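Q: I'll drop the sequence and a predicted model, then ask my questions.
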Amino acid sequence: MIPSRVLNRATPYLFLAPAGIVLTMALLYPIGYLTVASFFDWRMGTPFADAAFAGFGNYAWILQDPNFKESFVVTMTFAGAVVVLEMVIGVGLALMLERPIRGMSVFRTIFILPMMIAPIVVGLIWRYMYNPQFGILNKTLKDWGFQSIPWLSSPQWALPSVIIADIWQWTPFIFILSLAALQSLPKSAIEASRIDGASGWQQIFYIKLPLMMPVLVVAALLRMIDAFKVLEVIFIMTNGGPGLSTEILSLQIYKTAFVSWELGRAAALSNLLLAIVMVITIAMFIYTKVRDARLARANAAAEDY
Amino acid sequence: MSRYSKTNTTVFYTILIVLCMLSLGPIILMLLTSLKLKIDIFNDVSTFFFVPTLKNYRSVINDPSLMRYLGNSLYVGLISTITTLVMGCMAAYAIVRFRFMGRDVVSLTTLLMRMVPPAVLTVPVFGIWTFQYNLGNSLNGLILAYVAINLPFVVWILQSFIQQVPIQLEEAARVDGANPFQVFFLVVIPVIKPGLAAAAIFTFRIAWNEFILALVLTNRATRTTPVNISLFLTEHNIDWGRLMAMGMLIAIPPIIFTFVASKQIITGMTAGAVKG
């Protein structure tokens, strides 16, 4: 029998051990491994132990690679367009529809469905809808007497098409978050501005949006992070094509590793993507910390009165 | 007097319903297509008038390999969810009750994990699982990956539930002579059931939907359904009806979860960034 004092002392460690071991083995170690692998000339088919050290060779190669440049531009365009459009539409809708909604939980459920189903399925649905022959979009355009659009098959249209699918999937996220933020704004501030004679637009721009800003900033940053994670939907819809017109970095990593079999280069590419997303995440963490600290100070000041 | 006039209310709900249709439309289209014969899909006259058939579903269910992939998805989803929950609530309990690390550390880890693009994990996970852990092409390998991906989030969400468990409850059990493990399993776990349910839904959905790691970690025998769907799309002559039936089968569990727990899901999606 183990003495209970020992058991008590050991408990926290025993409770933390399983999670700690799994996280170390399957998360920390792989990310460390990624950094090491990015400095080796490692190809599919050779064990990592036999790979030759390449220094910054992989990084140098990537930075001069025109495909990387194109993919980088595509990724930035995609992320930028998606965040801006979803914020404008989502916040706009929230401002328009701000009032007590009967049956909000049903509406909320319906709005988040597109984000809940597998990205693979989202890609499947949109590829079907964009189909040039029997896709519902071109069919409708034709019925209304417009020219059909080569959605996924032309380099000009492919990226906008992919962006539209993402807007369909993720605008509700912004909408729901900003609606919740709007409904929790202090009524007194809005009431006061109304009594002072502020018009509807003035209320929005001088009272509501500034008060919502903390939530909006976080929502935009989260969307930005997620935009860099997108892979499946595009993989299914276009597989990066035509040409490289929709080849975002995530997809280029996958292709470099598992189509071209250049694991070392793919690791370096992964590190670059990770660095980009890391900067955004740290910005967000600092932002929330600063905001919380400011809030705490304001509360403390209020209590002193 | 109400602030909102009657015409306004009509316009308001009309807009809401239009938005709902935009949101649901593509999903309904998938459902309709899955009920169509090939001839109806290629017929370019109507989308809504056709004789529904279960032929596509029947052909999916009668195909042993497709059922096997569906079974793989279910197995990986269930086992990884259970494992994550057990490990996650133990760790969360240790962090809260024994003041291990701070809440900030957990929040930051959750946030950092949320940020990692899955594509970034493909190379190291493929290399390590295949050459070092000997878990390549196995369902257990996939489970290990999903447990690791989901753990930070599960710890984060369970933490707040455990904090709400009154410490007196645990002290009373202690006084009655329970050891820490008994306190945990007999007192704490029953109280945090709602938190466990929310975490389970979240974890299962991620494992069930996941694609890219499954693509690099599985083979012909251990594939999950999302991977299988992607392979059908490379064929030249796509059987859309059948593919949409598979899509529906994959989409149904998340749809059910959404109806059960939409509020918790929204909280989960902003984990670590917005206070839940």
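A: Looks like it came in fine.

Q: in the helix or strand harbouring residue B:129, what's buried?
A: Using DSSP states H and E, residue B:129 falls within helix B:118-131. Within helix B:118-131, the residues scored as buried using 16 or more other Cβ atoms under 10 Å in any protein chain shown are B:118-130. C-beta coordinates here come from the backbone N, C-alpha and C atoms, glycine included.

Q: quick one: which of those residues is nearest to residue A:208?
A: For the buried residues of helix B:118-131, the minimum distance to residue A:208 (Cβ to Cβ) is 36.3 Å, reached by residue B:118.

Q: measure that closest one to residue B:187 for me?
A: Distance of residue B:118 to residue B:187, given as Cβ to Cβ, to the nearest Å: 38 Å.

Q: over to residue B:92?
A: 15 Å.

Q: next: residue A:51.
A: Residue A:51 is 52 Å from residue B:187, by Cβ to Cβ.

Q: before we move on, what about residue B:236?
A: Relative to residue B:187, and taking Cβ to Cβ, residue B:236 is found at 61 Å.

Q: next one: residue A:281
A: 37 Å.

Q: residue A:177 now?
A: Counting by Cβ to Cβ - residue A:177 and residue B:187 are separated by 36 Å.

Q: re the thing from before, near chain A, which of the buried residues of helix B:118-131 show up?
A: B:118-128 (Cβ under 8 Å from any Cβ of the partner chain).

Q: okay, residue A:177 and residue B:187: which has more neighbours?
A: Ranked by neighbour count (other Cβ atoms under 10 Å in any protein chain shown), residue A:177 and residue B:187 place residue A:177 first, with 24 against 17.

Q: what's the distance between the more buried one and chain B?
A: To chain B, residue A:177 is 7 Å away according to Cβ to the nearest Cβ, to the nearest Å.

Q: now for the biggest helix by length in chain B, which elements pack on it?
A: Using DSSP state H, we find that the single longest helix of chain B is helix B:64-97. When contacts are defined as 3 or more Cβ pairs under 8 Å, 6 or more residues apart in numbering or on different chains; DSSP states H and E, helix B:64-97 sits against helix A:4-23, helix B:55-61, helix B:139-163, helix B:193-209, helix B:225-232, helix B:240-269.

Q: state the distance from residue A:151 to residue B:184.
A: For residue A:151, the distance to residue B:184 (Cβ to Cβ) stands at 55 Å.

Q: who has more neighbours, these two?
A: For residue A:151 versus residue B:184, neighbours defined as other Cβ under 10 Å are more numerous around residue A:151 (24 against 21).

Q: residues in contact with the closest residue to the more buried one other than its chain neighbours?
A: Leaving aside its sequence neighbours, residue A:151 sits nearest to residue A:130 (Cβ to Cβ, 6 or more residues apart in numbering or on different chains; 3.9 Å). Applying Cβ atoms under 8 Å, 6 or more residues apart in numbering or on different chains to residue A:130 gives the contacts A:137-138, A:151-152, A:161, A:237.

Q: now the two most distant members of those.
A: Across the contacts of residue A:130 (Cβ to Cβ), the longest gap, 15.1 Å, separates A:138 and A:237.

Q: pick out whichever of the two has more residues nearby.
A: Set residue A:138 next to residue A:237 and count neighbours by other Cβ under 10 Å: residue A:237 wins out with 25 against 21.

Q: how far away is that one from chain B?
A: 9 Å.

Q: isn't residue A:137 right next to residue A:151, touching?
A: Yes - look at residue A:137 against residue A:151 with Cβ atoms under 8 Å: they come within range, at 6.8 Å.

Q: find the nearest non-adjacent residue to the spatially most central residue of chain B, please.
A: Closest to where the C-alpha atoms of chain B average out (Cα atoms, centre = their mean) is residue B:205, at 0.9 Å. Of all residues beyond its chain neighbours, the one nearest residue B:205 is residue B:254 (5.2 Å), with distances taken as Cβ to Cβ, 6+ apart.

Q: for that neighbour, give me its contacts.
A: A:116-118, B:205, B:208-209.

Q: check the closest residue to residue A:202 other than its chain neighbours and give its pLDDT.
A: Among residues not flanking residue A:202 along the chain, residue A:193 sits closest, at 7.3 Å (Cβ to Cβ, 6+ apart). Confidence at residue A:193, expressed as pLDDT, is 87.

Q: shouldn't residue A:193 be within a helix?
A: Yes - under DSSP: H, G, I helix; E, B strand; the rest coil, residue A:193 falls within a helix.

Q: near chain A, which residues of the stretch 151-276 of chain B show up?
A: Residues of the stretch 151-276 of chain B lying near chain A (Cβ under 8 Å from any Cβ): B:151-152, B:155, B:179-181, B:184, B:205, B:208-209, B:211-212, B:216, B:226, B:229-230, B:233, B:240, B:243-244, B:247, B:250-251, B:254-255, B:257-259, B:262-263, B:265-266, B:269-270, B:273-274.

Q: out of these, which end up buried?
A: Here, 16+ other Cβ under 10 Å leaves B:151-152, B:155, B:180, B:184, B:205, B:208-209, B:211-212, B:216, B:226, B:229-230, B:233, B:240, B:243-244, B:247, B:250-251, B:254, B:257-258, B:262, B:265-266, B:269-270, B:273-274 buried among these.

Q: no more questions from me, cheers.
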